[in-house]
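Enquirer: Following is a predicted model, sequence given first.
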Amino acid sequence: MHRCALFLTKRVWQLRPFEPFQSPNFSLYSISSFSLAILSTSPSPFLSSFLHSLSPSSSMAPGIEPLQRSTNGGSVKPDSHLSDDGVSHKSKVTVIGSGNWGSVAAKLIASNAARLTSFHDEVRMWVYEETLPTGEKLTDVINLNNENVKYLPGIKLGKNVIADPDLENAVKHANMLVFVTPHQFVEGICKRLVGKIRGDVEAISLIKGMEVKKEGPCMISSLISQELGINCCVLMGANIANEIAVEKFSEATVGYRENMREVAEKWVQLFSTPYFVLTPVQDVEGVEMCGTLKNVVALAAGFVDGLEMGNNTKAAIMRIGLREMRMISKLLFSSVKDSTFFESCGVADLITTCLGGRNRKVAAAFAMNGGKRSFDELEAEMLQGQKLQGVSTAKEMYEVLNHRGWLELFPLFASVHEICIGHLSPSAIVEYSERKPNFSVIDGHAQ
Ligand SMILES: NC(=O)c1ccc[n+]([C@@H]2O[C@H](COP(=O)([O-])OP(=O)(O)OC[C@H]3O[C@@H](n4cnc5c(N)ncnc54)[C@H](O)[C@@H]3O)[C@@H](O)[C@H]2O)c1
Ligand SMILES: O=P(O)(O)OC[C@H](O)CO
């Protein structure tokens, strides 16, 4: 019998009774009471600067404040953020990460930090230091040319972006931390930050990925919250970094927890530009699951492209993938809202990633090579230091689904991992007839 058919038959026989809510960790990541505590104990500077910034000129986009002209003709921000004792209450931002998206995030933030009175002009960007082929340090080159020549060549970041290879130094004055590294490095970074950050820090994660602990899946925003004891919003969306870098119109979604709307608005203000429009939604897990899981579907779309299966097949894979994304998200986190899947972080990110993302591109090359060249090899060759998130996320999700006895219910997610590790051929991505899940999920309940 064909190897794949053998596999499928085995799968059917392994079907187990469905026990969706038996895991003890459903409430593990619910930190709304913790968030409330942060809000009520946050020192007043953060909130006062935020309230101040809520009164922009009505003719301008929200949060965009007018620049004043200096005597030498340059533009300066009015300095109205001194308290009675003359201490500045401006928010200070550090970006932790300097890859392709990290550099674009720094550019967006720098343009607003330079204009808005509620933020310090200077934006620190922590750089995982490396030596370029020229023998120069990446950090030195960024600070000299105002350009990340390795991860975002040709784009000026803004003169107020300061690259810093010293993580502790980069964060020590910041009260707004933007996490934007590949997900596999976050835990190590958080451990290095324990005890090194200010007491009034707010965080946001732009990272699309997850960790799997023995207790179950741990989203990156939860990891950051748990390791550092801070509130963490998320920002996800249809955001291919190179397109935003050249200021093509895009949207994104900011996910926040209950009672954290004001904090979310502050993040929206920090990132918003006329070409980058953000919508806040109260659904951290929904937003983050969308951003994380779509990378697995993008691999499936890449296999379809690599095998030249055509547009209808690709659309089918995207539809099935979106359906599995929604089911998985709602089963793991019962608070996830259906409406979140219609925001930029949901269907829009799925579309853009399946059309033009790095996961799609490398998966297409993997399929074209018949699965004979590994993802690690192709990633190194095709992305020159940039990292895929989909292959590790597929593995992590497989572990979660297997642990709960749910593999049969999510054939596309299960197949993607098995193709990535060479247990199935890339063409198995469309072998669905025997693998159709026999249940539907309505409002988080399996039927
Ligand atoms: N690039 C995009 O278009 C895009 C868009 C939206 C979201 N994202 C997400 O943003 C996150 C970051 O992606 P990116 O595109 O900025 O990164 P990237 O893949 O372009 O770059 C990899 C980064 O990892 C760093 N790095 C390598 N080894 C490291 C280590 N041991 N410790 C710490 N850092 C190390 C490199 O210096 C580099 O900055 C990912 O989760 C990704 O899914 C990316
Ligand atoms: O290039 P990818 O596949 O990592 O995807 C990039 C972004 O997540 C698209 O929103």
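Expert: Yep, it's here. Ligands and ions are numbered 1, 2, ... in the order given.
Enquirer: where does this protein dip in pLDDT?
Expert: Within the chain, the segments meeting pLDDT under 70 span 1-87, 432-447.
Enquirer: how about the residues of it near ligand 1?
Expert: Those residues of the chain that sit near ligand 1, judged by C-beta under 6 Å from any ligand atom, are 97-102, 128, 151, 180-183, 185, 206-209, 239-241, 385-387, 389. Glycine gets a C-beta too; all of them are placed from N, C-alpha and C.
Enquirer: Against ligand 2, which of those residues make the cut? List them.
Expert: Applying C-beta under 6 Å from any ligand atom to the residues of the chain next to ligand 1, those adjacent to ligand 2 are 208, 239, 240, 389.
Enquirer: What is the burial count for the last one?
Expert: By the other C-beta atoms under 10 Å criterion, the neighbourhood of residue 389 contains 23 residues.
Enquirer: now the first one
Expert: Summarising burial for residue 208: neighbours were counted as other C-beta under 10 Å, giving 27.
Enquirer: thought it was touching residue 291?
Expert: Yes. Counting by C-beta atoms under 8 Å, residue 208 does reach residue 291; the two are 4.1 Å apart.
Enquirer: List the buried residues for stretch 183-198?
Expert: 183, 185, 186, 187, 189, 190, 193, 197, 198 (16 or more other C-beta atoms under 10 Å).
Enquirer: ok, residue 421 to ligand 2 distance?
Expert: The gap separating residue 421 from ligand 2 is 19 Å, by C-beta to the nearest ligand atom, to the nearest Å.
Enquirer: Quick one: residues contacting that residue.
Expert: By C-beta atoms under 8 Å, 6 or more residues apart in numbering, the residues touching residue 421 are residue 395.
Enquirer: Now the element after the helix or strand containing residue 303, going C-ward?
Expert: Assessed by DSSP states H and E, residue 303 sits inside helix 284-306. Later in the chain than helix 284-306, the nearest helix or strand by DSSP H and E is helix 311-332.
Enquirer: Let me see the contact set for the closest residue to ligand 1 within the chain.
Expert: Ligand 1 sits closest to residue 99 of the chain, with a gap of 2.2 Å, by C-beta to the nearest ligand atom. For residue 99, the contact set (C-beta under 8 Å, 6+ apart) comprises 151, 180, 181, 182, 385, 386, 387.
Enquirer: May I see the ChimeraX selection of the buried members of the residues you listed?
Expert: For the buried members of the contacts of residue 99, the matching ChimeraX selection, counting by 16+ other C-beta under 10 Å, is:
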select :151,180,181,182,386,387
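Enquirer: Which members of the contacts of residue 99 define the maximum pairwise distance?
Expert: 180 and 385 (15.2 Å; C-beta to C-beta).
Enquirer: Now the residue in the stretch 151-300 of the chain that ligand 2 sits nearest to. Its backbone dihedrals?
Expert: In the stretch 151-300 of the chain, the residue that lies nearest ligand 2 is residue 239 (4.2 Å; C-beta to the nearest ligand atom). Dihedral pair for residue 239: phi -130, psi 70, per degrees, to the nearest 10.
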